[in-house]
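*Asks:* Model the following, please.
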Amino acid sequence: MATLFSIDVCEGTKVNGYLAIDTLVNGRCYGGLRVASDISTDSLIQAARTMSLKYAFVGMPFGGAKAGIVADPEMPQADKRELLRSFGHALRPILQTRTYIPGSDLGVTDDDLKFMLSSNSIRALPRSLGQDTGFYAGLTVFTAATTAAEHIGLDLNRASVAVEGFGSVGGSVAETFWKKGSKVVAVSTSRGAIYDKRGINIGELLNLGRRTGSDVVNQFPKAERIDKSELATLKVDIFCPCAHSHSLTRDNAGHVSARIISPGANAHTTADAEKILFKERILSLPDFVANCGGVIAASMIRSGLSDDFVKHFIEHKFRQKVSDMIKAVEKKNIPIKEYAEKITEDKFLRLKEAAEKKSISSKAFNFALELYRNGIIPYQLLTPIAPRYFEERFK
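*Replies:* Numbers count the residues shown, from 1 in each chain. Next up is the predicted model:
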């Protein structure tokens, strides 16, 4: 069970913040900090659990956490920075000891995190920030979905797709499907949603979005405006929730028409919704599997591996792992999330035990890892051995 810290972010206001710590490995945990108006403690705890599973799935010996501030993510930047400064001050003992190491998330950039830490006299780990991994998270969302499509005989050239969220992950998902020939018929942001059964020109939408932000759905002239709550139940082949948690609940899961759900968001379903989706024979891919590309890329790029290597790894190693998982649950006739959680929880325990072992070799490895994270060991020393390391970890 996660430990939840509740924080009064700014004294005299009603702004609340939370930190959910699911697991610790060597006394540390990692996970994004988000600013959003719809954060609930249940979804944050579930998202922290997702982070533990995500790290274990890719073979990284890290504990999982998730933090959030309940506020409008599109508030003036000065106001957001003040909230982040206050939040960091409240968490200073945990941040200073690096018990919790935050990453960027919805409504929070790396620059925001650097400000939060520096304004509280906390030094960021040199290699903990600075990687824009939204594209890679989107790439695994796409690859997981297309792998599932192959298993159910869905022709991607005829497939229709709805993408909830049009940030770095959702935008990447929509663009990749569009470039590969699928029809992206619906997209949403925090400001609303658009729909066109003939398909939306995602290239034009992205160009407009760079100027208009979340309001792109209201500025785009070539699609019908719909309520963003409709996205989950549109008549499409593939639904990709890439925005907030709990897009699918027991209230709407029974009305889902999509045959495949591939999430870019953590904790995209409630437990009740997962049961309904399985009963309806909808292939709902686990969040910690579908959107793990950001975690994969961050570690690989920090080790000096190229963009091409990361893409090749996702296209081949990740795709094969997802394919094997789908085949396994077809034989067992159980929800894919149930199966994936069990094998990944077992893997997490093995990784944690190995990482916390008090042998001389494990102490030496952990010491070297600490030097690397602090920028003392140059990444060029790791690059030659990195491919083998990540391939072994990913098994």
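
*Asks:* Do you know the pLDDT at L33?
*Replies:* At L33, the predicted lDDT confidence score is 96.

*Asks:* care to break this protein down by domain?
*Replies:* The chain breaks down by automatic domain parsing into domains covering 3-118, 134-335.

*Asks:* which one of those has the lowest average pLDDT?
*Replies:* With a mean of 93, domain 3-118 has the lowest mean pLDDT of those.

*Asks:* Distance across it, terminal residue to terminal residue?
*Replies:* With CA to CA, to the nearest Å as the measure, domain 3-118 spans 26 Å from end to end.

*Asks:* quick one on the thing from earlier: dump the domains of the chain to JSON lines, plus mean neighbour count and distance to E345.
*Replies:* (Each C-beta comes from the backbone N, C-alpha and C, glycine too.) Listed next are the domains of the chain as JSON lines, based on neighbours: other CB atoms under 10 Å; distance: least, CB to CB, whole Å:
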{"stretch": "domain 3-118", "mean neighbour count": "20", "distance to E345": "7"}
{"stretch": "domain 134-335", "mean neighbour count": "20", "distance to E345": "11"}
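
*Asks:* Switch those domains over to JSON lines; also include distance to A355.
*Replies:* JSON lines is the format used below for the domains of the chain (distance: least, CB to CB, whole Å):
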{"stretch": "domain 3-118", "distance to A355": "4"}
{"stretch": "domain 134-335", "distance to A355": "15"}
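
*Asks:* And those: which comes nearest D346?
*Replies:* Smallest distance to D346 across those (CB to CB): 8.8 Å, for domain 3-118.

*Asks:* Can you give the distance from that closest one to the centre of its chain?
*Replies:* Distance, stretch centre to chain centre, for domain 3-118: 14 Å (CA atoms, centre = their mean, to the nearest Å).

*Asks:* ok, which stretches of the stretch 101-250 of the chain are helices?
*Replies:* Counting by DSSP state H, counting those that start in this stretch, the stretch 101-250 of the chain has helices at residues 110-118, 134-152, 168-179, 202-212, 216-219.

*Asks:* For I94, which of those is the nearest?
*Replies:* helix 110-118 (12.1 Å).

*Asks:* which residues are in contact with the closest one?
*Replies:* Contact partners of helix 110-118, identified using CB atoms under 8 Å, 6 or more residues apart in numbering, comprise 33, 80-81, 84-85, 87-88, 95, 102-104, 123-124, 129-130.

*Asks:* Quick check: which of the domains of the chain is nearest to T344?
*Replies:* Closest of the domains of the chain to T344 is domain 3-118, at 4.9 Å (criterion: CB to CB).

*Asks:* does G294 really touch D105, like I thought?
*Replies:* No - if you go by CB atoms under 8 Å, G294 and D105 don't touch, sitting 10.2 Å apart.

*Asks:* what pairs with I238 across the strands?
*Replies:* With DSSP bridges as the criterion, I238 is bridged to V161, I260.

*Asks:* Right, I'll call it a day here.
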